[in-house]
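Q: 3D model of this:
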Amino acid sequence: MYDVAHVDSYVDHNEDKSNAYVTFEQIITNTKNDHDERSYITLQVYLQKEGGKWIVNDFKQVHVEPT
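A: Numbers count the residues shown, from 1 in each chain. Have a look, this model is predicted:
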């Protein structure tokens, strides 16, 4: 089983392109033995403005740390 908790986002806003950093805790549970594996993840999300909407253009994982 896979779960996400404690999601936060931080946006660096420009006119037509922006970056967002998203941090969250990733929880993967082995359903056979109920063992949790937890990690703290940071993603950099690339945003592009199209018309009046922002869309995700790309993203990459920039940090992972076991908790």
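
Q: Strands along the chain, start to end?
A: Ranges of strands in the chain, per DSSP state E, are 2-12, 17-30, 35-50, 53-66.

Q: CSV for those strands, including mean pLDDT and mean neighbour count?
A: C-beta here means a position set from N, CA and C on the backbone, and glycine is covered the same way. Shown next, in CSV, are those (pLDDT from 0 to 100; neighbours: other CB atoms under 10 Å):
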stretch, mean pLDDT, mean neighbour count
strand 2-12, 95, 10
strand 17-30, 95, 14
strand 35-50, 95, 14
strand 53-66, 95, 11
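
Q: in the sheet, who's paired with the closest residue to Lys60 other than its chain neighbours?
A: In this structure, Lys60 finds its nearest non-sequential neighbour in Gln44, 5.5 Å apart by CB to CB, 6 or more residues apart in numbering. Assessed by DSSP bridges, Gln44 has beta-bridge partners Tyr21, Lys60.

Q: Identify the residues contacting Gln44.
A: Applying CB atoms under 8 Å, 6 or more residues apart in numbering to Gln44 gives the contacts Asn19, Ala20, Tyr21, Phe59, Lys60, Val62.

Q: I'd like those residues as TSV, with distance to Lys53 appended.
A: As requested, the contacts of Gln44 are arranged in TSV below (distance: CB to CB, whole Å):
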residue	distance to Lys53
Asn19	17
Ala20	14
Tyr21	20
Phe59	17
Lys60	22
Val62	25
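
Q: Name the nearest of those residues relative to Asp8.
A: Tyr21 (8.6 Å; CB to CB).

Q: Go ahead and confirm that closest one touches Tyr46.
A: No - counting by CB atoms under 8 Å, Tyr21 stays clear of Tyr46, with 10.9 Å between them.

Q: follow-up on the earlier one: can you give me the distance of the residue nearest to Lys60 to Asp58?
A: 9 Å (CB to CB, to the nearest Å).

Q: before we move on, what about Ala20?
A: Distance from Ala20 to Asp58, by CB to CB: 12 Å.
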